[in-house]
Structures are given as C-alpha cells and as structure tokens.
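K.L.:
one predicted model, sequence on top.
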Amino acid sequence: MAIELDPYYSEAWTNMGDSLAMLGEYQEAIRAYDRALGINQRDIYALLRKGMSLQETGDSTGAMEIYQEVIRLADLEMRKHPNYASFDADIWTNKGDALSRLGRYEEAVAAYDTALGINPKFERAEQGRIKAMDAILLSRSNPELVVRVTDENTSQPLPTIVPLSGTLVLGALVSAGALMILLHRKS
C-alpha cells in the first residue's frame, strides 16, 4: 500500500479517500482527505472531494464553504500561474464541479468548456458539463424542479434538481437527449 511506503504521499491519501467515498464510508473518506490536505494544503481535488463527502453526510454548510474555497484556490492558481492554468484541465474541472455543486451552472459550463478546450477527451469535464447543462435546461423549462435544500443549522441553500413526477423525468430525458445532439454537433 502506497501510504505504508510513504505516509506523506498526499495523492495516496486522496486515492484512499476516493475509495472510501465510493464505499459510502464518508466520515473515513473525510479523514483521508484531511490527511492529504495536511500534507498539501493546495490540493484542490482533495478539497473538492472532501466537500462532496461532507455533502453526503448532510453537512451542506461545511460543503458549501469548501466549494467556495475550491473556487478561491482555483482562481488564485490561475492568476499566479496563468500559463500553467491554460494547460491544466483538472483545475478548470475542479472549479466547474464546485460551481455546479453551488448551483452556479452557467459558470460551471464555462469552466468545463475551458477544461474541454484543453483536453477534449477529459471524461470528468464532459460529464460535469452534461449535468450542468441538463440542470440549466431543467430549471428553464421547469423552474419548480430546482429545490433549495437547506441544512437546519443554516439558512444557506444548496441547489438540488429533484424530479417531481414521471412526466418531468421523461422531460428531463428528452432534454438530455437534445443536449447530447447539441454536444455531438459541437464536436
């Protein structure tokens, strides 16, 4: 195991966090991401994944704070190293993921577009863009689908798309199909 060989290898801790999160062990995943962040405070991916795990545990306030920090760090990296950022699809995808989780879908699409401009085959950016575009289409055609879920400890909303009926789900599938046609034409 990489962590046993080098306990200061932050990527190994991030990978462990990802594995634990996939198993639904979100508290353990958060601890692994914290270890990674203790080694590398600017690991934007580990920070993003920690936010996602916090969201899964119901801590929407903590998740939102982390997503804001991901965006801040991504913007800082882009300003400090503009040449590097122009070749780093990961940083743009991480920013897009955070924006999308905050319900800022138009901004997320722009970040994903930049990532895909750098690496057109980056599947995570492609999937994020599709989800963000679908959320935009759903909210425009059926605004009642955008439900603001709030943590009882905060008044800050966390946007979530919730299908309210089978008909609306079918509409979402039609929207997704139309989106796929648009994406195919763009390629």
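P.N.:
Yes, it's here. Fair warning: this is a prediction, and the values are worked out from it, not measured in the lab.
K.L.:
please count neighbours and contacts with C-alpha atoms only from this point.
P.N.:
OK.
K.L.:
what residues of the strand or helix carrying T61 count as buried?
P.N.:
Element membership for T61, per DSSP states H and E: helix 60-80. By neighbour count with 16 or more other CA atoms under 10 Å, helix 60-80 contains the buried residues 60-61, 63-64, 66-71, 73-75, 77-78.
K.L.:
I'd like the average pLDDT over the helix or strand S53 falls within.
P.N.:
Counting by DSSP H and E, the element that carries S53 is helix 44-56. In this model, helix 44-56 has an average pLDDT of 95.
K.L.:
can you check stretch 112-126 too?
P.N.:
The average pLDDT within stretch 112-126 is 96.
K.L.:
could you chop this structure up by domain?
P.N.:
1-57, 58-187 (automatic domain parsing).
K.L.:
most tightly surrounded among the ones you listed?
P.N.:
domain 1-57 (a mean of 19; mean count of other CA atoms under 10 Å).
K.L.:
any idea how far that domain is from the chain center?
P.N.:
Remark: domain 1-57 is offset 15 Å from the chain centroid, using CA atoms, centre = their mean, to the nearest Å.
K.L.:
the helices in the protein, which residues?
P.N.:
Taking DSSP state H, the helices of the chain run over residues 2-5, 10-22, 26-39, 44-56, 60-80, 82-85, 89-101, 105-118, 123-141, 166-186.
K.L.:
lowest average pLDDT across those?
P.N.:
Among the helices of the chain, helix 166-186 scores lowest, at a mean of 41.
K.L.:
picking that back up, and the helix holding T61 with helix 89-101, angle?
P.N.:
Helix 60-80 and helix 89-101 are oriented at 140 degrees to each other (axes from the mean of the first three to the mean of the last three CA atoms, to 10 degrees).
K.L.:
appreciated, that's everything.
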